[in-house]
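[1] Take a look and give me a structure for this.
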Amino acid sequence: MLPADPFVDAPPNPFLEAIEGWSASGGIPPKVLHRIMEENYQRNVGPFVRELHQYEPFTDNVYGELMPSLVYEMVRHTRLNENSLFLDLGSGVGNVVVQASLQTGCRSYGIECQEAPAKIAARMLPQFKARCRMWGVNMGDVELEQGDMLTSKRVDELIPQADVVLVNNKVFSESLNEALRPKFLDLKEGAIVISLKSFVSEKQNSRLTERNVDDISTIFDVSKRWFASGSVSWADSGGEYYIHRVDRRGYSQILEEYESRRSSSRSTRKTRAPY
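    The predicted structure follows:
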């Protein structure tokens, strides 16, 4: 029913007032975020799930998803914000990419090589933006690409700018993980790589030796984190993921100390008296 006086100010809208207050209180509440993500999945991904399972088993193209609860924790831990750039290498249907941009306002990019999930992601993105407008919430810019993460020129352009890179490499072959590692050499200081399988072995991360002194693994400070059951689509049990933080300054200091010890050792051998 129209008001008696159409020129009188409309009464306050409690819902819109609550949304405006979210920015001041730390961003969109987790329950609202998860509700939007669930609505998006059921509407734009669920009807096409059969297409996602048309892959060759036991290859790098096996499909799996991170649940919104795990993505929320990953994003919160890395402290992404509206000035950050987030990359998802192997972005599937794009659910992680859009969640990161909605949760933090960051700029996000995802690349997926498989045709089926890439097409679903392309259809999903405009629908997700419309759903955000319906809820009255804002998200950061999102860019999606179908292509090979190893050969994409766009990936090479964005890696040096990235603040956080996600690689769901749980089922990646060792050869693919090895091929990805040189990409990280262009990451800036303090950038983070999140993966389900570590790019650095525990032995490499524990000490610097002659064998790994020039290895890419030495620029990473790696920590392991755990996720609860129900956090991934491929297993009911919990598991682990890895946070790799680029720390070239720490590496330089360790390298300097190592070189000093090595030089001292060579000097001692040269001056040792013969028998």
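[2] need the contact list for Leu144.
    Contacts for Leu144 were tallied using Cβ atoms under 8 Å, 6 or more residues apart in numbering; they are 91, 94, 97, 109-112, 118, 121-122, 125. (C-beta placed from N, C-alpha, C; glycine too.)
[3] do that again at 6 Å, thanks
    Each residue near Leu144 by Cβ atoms under 6 Å, 6 or more residues apart in numbering is listed here: 94, 110, 121.
[4] same question, Leu87
    Counting by Cβ under 6 Å, 6+ apart, Leu87 has contacts 109, 158, 162, 165.
[5] List the ones among these that fall in helices.
    Leu158 (DSSP state H).
[6] Centre of the chain to the one helix or strand Asp156 maps to, how far?
    Mapping Asp156 onto the secondary structure by DSSP states H and E places it in helix 153-158. On the basis of Cα atoms, centre = their mean, to the nearest Å, helix 153-158 is displaced by 16 Å from the centre of the chain it belongs to.
[7] Could you measure from Glu112 over to Gly239?
    Between Glu112 and Gly239 the distance is 22 Å, computed by Cβ to Cβ, to the nearest Å.
[8] Give me the more crowded residue out of these two.
    With neighbours defined as other Cβ atoms under 10 Å, Glu112 and Gly239 compare such that Glu112 has more, 27 against 16.
[9] Quick check: nearest residue in space to the more buried one, chain neighbours excluded?
    The spatially closest residue to Glu112, leaving aside those adjacent along the chain, is Ala118, at 4.4 Å (Cβ to Cβ, 6 or more residues apart in numbering).
[10] Equivalent analysis for Lys183, please.
    Excluding the flanking residues, the one nearest Lys183 by Cβ to Cβ, 6+ apart is Ile159, at 5.8 Å.
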